[in-house]
Structure formats: C-alpha cells, structure tokens
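In: sequence? don't have it. structure:
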C-alpha cells in the first residue's frame, strides 16, 4: 500500500460522477430524520489495484443510521480508476466524507491517507 501514489485514484467519471452517485443512491435514515441528526461521516477503505473497495469502515460520524448508510454507499460503489505508481495500478488507503444531500457540493473524493508502503 502506498503513502502518496503518483496518480491518485478517481471515482469512475470523476468528482461530479461521485456526487451524482451519492445523490442517486443515498437513503436518508428514518432515525436521523426523526431526531434531526445530520453530519459528515468519514469512511476509510482500501482501493485495491483493480479499483475495488476493501476493508471499509467508519472513522467518525454522527450515528443514528447515518454511519451505516455511508458505509453501505461505499461498499456499493462501482470500481474506481486505481492509483498508480510507475504506471502500474497499486493499492491505496482512502478516506471519503459522506454528507447529507444538501452538502454534496463540497465533497472531495478519496484523499489518500498516510500508510506504509507494502
């Protein structure tokens, strides 16, 4: 796994496609609606060399069903364009913020986080 790949991974279709994916598939949890809870959920995962999600887990979030929904969205994502080093696809650790629909415009997908090269 790489700390900072030469080419970062990218959601298929780019940032706008990532926002469109979230907007289309998010199911706002009833518990969060009833309790008027909102907030950003940070999900960490590994993108393998084929661009598929592995080992996804919530780093932080407001709970009330939002964390589970964010995790569901990450697991259902289509393959990404993988990160690359020396032109070869590599594994990389990513963290993405998943926000309520009215905050989707400020999402920046897949920030590589520090990890040891393996």
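Out: Now that the structure is in, tell me what you want to look at. No experiment lies behind these values; they were computed from the predicted model shown. Residues are numbered from 1 along each chain as shown.
In: Quick one: low-confidence residue ranges for this structure.
Out: 3, 101-118 (pLDDT under 70).
In: center of it, which residue is that?
Out: Nearest to the mean C-alpha position of the chain, by C-alpha atoms, centre = their mean, lies residue 96 at 3.7 Å.
In: Just to be sure, that residue is in a strand?
Out: Yes - assessed with DSSP: H, G, I helix; E, B strand; the rest coil, residue 96 lies in a strand.
In: how much space is there between it and residue 80?
Out: For residue 96, the distance to residue 80 equals 10 Å [C-beta to C-beta, to the nearest Å]. Heads up, the C-betas are built off the backbone N, CA and C, glycines and all.
In: Tell me which helix or strand comes right after the helix or strand hosting residue 74.
Out: Assigned by DSSP states H and E, residue 74 belongs to helix 66-75. Next along the chain after helix 66-75, taking DSSP H and E as the criterion, comes strand 83-85.
In: Which elements pack onto that next one?
Out: strand 88-90 (3 or more C-beta pairs under 8 Å, 6 or more residues apart in numbering; DSSP states H and E).
In: mind listing what's buried in the strand it packs on?
Out: 89, 90 (16 or more other C-beta atoms under 10 Å).
In: what residues does that strand touch?
Out: With contact meaning C-beta atoms under 8 Å, 6 or more residues apart in numbering, strand 88-90 is reached by 1, 2, 5, 49, 50, 51, 82, 83, 84.
In: that older thread, buried ones in the helix holding residue 74?
Out: 66, 67, 69, 70, 71, 73, 74.
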